[in-house]
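>>> 3D model of this:
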Amino acid sequence: MSSVVNTIKDKISGNKHEPSKQNEEEQAFTIQPHPAKTNDPRDLQPSLGGGLNTNPELGAFHARDPYVPSQQIVDNLPPAQSREELRARAQELNKE
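Residues are numbered from 1 along each chain as shown. Sure, this is the predicted structure:
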């Protein structure tokens, strides 16, 4: 159906319908900028430690050993509280 409509349009307008010539466009080539910011060839080298190593927030996941506080810090810590004491403290703080 559309070919009939196109044929009628072409006869009325006087244009020949040749899709190969109408869709053909001249190729355009452009010059892309070079990725280097300076003239130093080291700028083009890939950075070491890609992926998770480049994000400083994720550095905690690359820790080697657990933190062990010194004996002085351990001696200055208050004694551990029982569950009942912690629940009472939580209720006290939630009242406000």
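
>>> now name the helix or strand holding residue 29.
Following DSSP states H and E, there is no helix or strand that holds residue 29.

>>> quick one: it from residue 35, how far?
Residue 29 is 19 Å from residue 35, where distance means CB to CB, to the nearest Å. C-beta here means a position set from N, CA and C on the backbone, and glycine is covered the same way.

>>> residue 89 and residue 37: what is the separation?
Separation of residue 89 from residue 37 (CB to CB): 56 Å.

>>> more neighbours: which of the two?
Set side by side, residue 89 and residue 37 show more neighbours around residue 89, with 11 against 8, by other CB atoms under 10 Å.

>>> what does the pLDDT read for the residue lying closest to the more buried one once chain neighbours are set aside?
Distances taken as CB to CB, 6 or more residues apart in numbering put residue 81 closest to residue 89, at 7.5 Å, once the chain neighbours are dropped. Here the pLDDT value assigned to residue 81 is 94.

>>> check residue 43 too.
pLDDT, residue 43: 71.

>>> list the contacts of it.
Residues in contact with residue 43 (CB atoms under 8 Å, 6 or more residues apart in numbering) are 35, 36, 37.

>>> swap the cut-off to 7 Å and go again
With contact set as CB atoms under 7 Å, 6 or more residues apart in numbering, residue 43 has these partners: 36, 37.

>>> need the three-state assignment for it.
helix (DSSP: H, G, I helix; E, B strand; the rest coil).

>>> cool, residue 27 as well?
Under three-state DSSP, residue 27 comes out as coil.

>>> now it: how far from residue 33?
Applying CB to CB to residue 27 and residue 33 gives a distance of 20 Å.

>>> host element of residue 8?
helix 2-13.

>>> now swap in residue 64 and tell me
Per DSSP H and E: nothing holds residue 64, as it lies in no helix or strand.

>>> which secondary element of the chain has the worst mean pLDDT?
helix 19-22 (a mean of 55; mean pLDDT, DSSP states H and E).

>>> show the subsequent helix or strand relative to that helix.
Sequence-wise, the next helix or strand downstream of helix 19-22 (DSSP H and E) is helix 71-76.
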